[in-house]
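Visitor: have a look at this prediction, sequence included:
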Amino acid sequence: DVIYDPVGGQAYAQSAKVVAFEGRIVVVGFASGSIPSPALNHALIKNYSILGLHWGLYNTKNPKLVQHCHEQLTELAARGAIRPLVSERVPLGGAAAAVQWVADGATTGRVAVVPSLDLSSENGAAA
């Protein structure tokens, strides 16, 4: 029903294929480096909306809303109502490499930097 797209490029094209009738694609950014050109006839035929969300602007326009949204999302995650995809967990020493992976578009989910991560555990990421 709602697709949150911070990636753009091919991820946006795939989102347009699977968005529900009367769904929404919320465009947040273009981490892939490729800005899509949506086929508006497709949005019309499937009757979905394409919304732009300039999240960073809320820090100047309505910072209290940013804090409120953070609290709501944290509560949903704590209840298990949402489960963000974390594709990689890296120790603090791997933070620079993790940032590069994101910049290169080589990740499929969130990359979590975990300061106390034991690389020998099953949650660890190979370096």
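Guide: That came in fine, so what should we check first? Residues are numbered from 1 along each chain as shown.
Visitor: give me the low-pLDDT residue ranges for the protein?
Guide: Applying pLDDT under 70 to the chain flags residues 117-127.
Visitor: hmm, try it at 50
Guide: Residues of the chain that meet the criterion pLDDT under 50 lie in 121-127.
Visitor: for the biggest helix by length in it, which outside residues touch it?
Guide: Counting residues, the longest helix in the chain under DSSP state H turns out to be helix 63-79. The contact list for helix 63-79 (Cβ atoms under 8 Å, 6 or more residues apart in numbering) reads 58-59, 82-84. All C-beta atoms are positioned from the backbone trio N, CA, C, and that covers glycine.
Visitor: please name the nearest non-neighbouring residue to S32.
Guide: G9 (3.5 Å; Cβ to Cβ, 6 or more residues apart in numbering).
Visitor: for E88, grab phi and psi.
Guide: phi -140, psi 140 (degrees, to the nearest 10).
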